[in-house]
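Peer 1: Give me a 3D structure for the following:
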Amino acid sequence: MTTMTIAGHTVDRNDEGFFEDPDQWTEDIAVEVAREEGIDELTPRHWEVIHFVRAEYAEKGTGPTVRVLGKTSGVPVKELYQLFPKGPAKVAAKIAGIPKPRGCI
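Peer 2: Numbering: from 1, shown residues only. Take a look at the predicted model:
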């Protein structure tokens, strides 16, 4: 675990960059983490996915897989890959401040 400051907030992240405590997350932090992942601007469509991922985590204790995201978020899989090119479920989870979803490599 690494403690770091992002957007003026102290957060704990694991070796892969995922949050250890989702309660440390803020939207300001999300913007900075997105930049780390090569996403320069979070559009309303990005935020829709990010908030969906956080809600799924809060309800189920894990983030959704790409398949679940595509079926239940209202954002088609093809668009998810356009929004989060390095892997929608993994990158969206990282930006959303939740642990890496089960099944993500």
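Peer 1: Name the surrounding residues that touch the helix or strand harbouring residue 52.
Peer 2: If you go by DSSP states H and E, residue 52 is part of helix 44-60. With contact meaning C-beta atoms under 8 Å, 6 or more residues apart in numbering, helix 44-60 is reached by 22, 25, 30, 34, 39, 42, 62-64, 68-69, 72-75, 79-80, 83-84, 88, 92-93, 95-99. Yep, even glycine has a C-beta here, placed from its N, CA and C like the rest.
Peer 1: Pull out the buried members of those residues.
Peer 2: 22, 25, 30, 34, 39, 42, 62-64, 68-69, 73, 75, 80, 83-84, 88, 92-93, 95-99 (16 or more other C-beta atoms under 10 Å).
Peer 1: so where is the chain shaky, pLDDT-wise?
Peer 2: Residue ranges of the chain with pLDDT under 70: 102-105.
Peer 1: Give me the number of neighbouring residues for residue 76.
Peer 2: Neighbours of residue 76 under the rule other C-beta atoms under 10 Å: 12.
Peer 1: Just give me the neighbour total for the nearest residue to it once chain neighbours are set aside.
Peer 2: Of all residues not flanking residue 76 in the chain, residue 70 sits nearest, at 6.1 Å (C-beta to C-beta, 6 or more residues apart in numbering). Per other C-beta under 10 Å, the neighbour tally for residue 70 reads 19.
Peer 1: Can you flag which of the contacts of helix 44-60 belong to helices?
Peer 2: 30, 34, 68-69, 72, 79-80, 83, 88, 92-93, 95-96 (DSSP state H).
Peer 1: before we move on, back to that, only alpha carbons, please: show the helix holding residue 52 as PDB.
Peer 2: Extracted in PDB, the C-alpha atoms of helix 44-60 (Å, rounded to 0.1, in the frame of the first residue of the first chain):
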ATOM      1  CA  PRO A  44     -20.700  13.600 -18.900                       C
ATOM      2  CA  ARG A  45     -20.700  10.100 -20.400                       C
ATOM      3  CA  HIS A  46     -17.500   9.200 -18.400                       C
ATOM      4  CA  TRP A  47     -19.100  10.500 -15.200                       C
ATOM      5  CA  GLU A  48     -22.200   8.400 -15.900                       C
ATOM      6  CA  VAL A  49     -20.000   5.200 -16.000                       C
ATOM      7  CA  ILE A  50     -18.000   6.300 -13.000                       C
ATOM      8  CA  HIS A  51     -21.000   6.900 -10.800                       C
ATOM      9  CA  PHE A  52     -22.600   3.700 -12.000                       C
ATOM     10  CA  VAL A  53     -19.400   1.700 -11.100                       C
ATOM     11  CA  ARG A  54     -19.400   3.300  -7.600                       C
ATOM     12  CA  ALA A  55     -23.000   2.500  -7.100                       C
ATOM     13  CA  GLU A  56     -22.500  -1.100  -8.100                       C
ATOM     14  CA  TYR A  57     -19.600  -1.400  -5.700                       C
ATOM     15  CA  ALA A  58     -21.600   0.100  -2.900                       C
ATOM     16  CA  GLU A  59     -24.400  -2.400  -3.600                       C
ATOM     17  CA  LYS A  60     -22.500  -5.500  -4.400                       C
END
